[in-house]
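K.L.:
Give me coordinates for this.
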Amino acid sequence: MHVAYKFNDDCEWLADEGIKGKIVNTLRMLSLDSRLENQTVFIPDGCEEMGFLEGSYDIASMLHFIADMME
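P.N.:
Residues are numbered from 1 along each chain as shown. I've put the predicted structure just below:
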């Protein structure tokens, strides 16, 4: 599978690969939104089957992490 990349204005890599690439790009752009600064999400106990451990997570970091894992 061929994946094309380009830089955006924040020197982040952007994937250009159909719908998956669009999701990756969207997650990365959202992770850069300053409105998410210091925002967290709490993942409750019992979400292990979905691959998440209980705890509080930085939303921007989580979005960027998910984008990286999808790529």
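
K.L.:
For the residue nearest to Glu37 when sequence neighbours are not counted, which residues are in contact?
P.N.:
Excluding its sequence neighbours, the residue lying closest to Glu37 (Cβ to Cβ, 6 or more residues apart in numbering) is Ala60, at 7.1 Å. Just so you know, the C-beta spots here come from the backbone N, C-alpha and C atoms, and that holds for glycine as well. For Ala60, the contacting residues are Leu30, Ser31, Leu32, Asp33, Leu36, Glu37, Gln39, by Cβ atoms under 8 Å, 6 or more residues apart in numbering.

K.L.:
Quickly find the element holding Ala60.
P.N.:
helix 59-70 (DSSP states H and E).

K.L.:
quick revisit: among the contacts of Ala60, which are in helices?
P.N.:
Leu30, Ser31 (DSSP state H).

K.L.:
Any of the contacts of Ala60 buried? List them.
P.N.:
The neighbour count (16 or more other Cβ atoms under 10 Å) marks Ser31, Leu36 as buried among the contacts of Ala60.

K.L.:
Looking at the contacts of Ala60, which is nearest Ser56?
P.N.:
Nearest to Ser56 among the contacts of Ala60 is Gln39, at 10.5 Å by Cβ to Cβ.

K.L.:
For the closest one, what are phi and psi?
P.N.:
phi -100, psi 140 (degrees, to the nearest 10).
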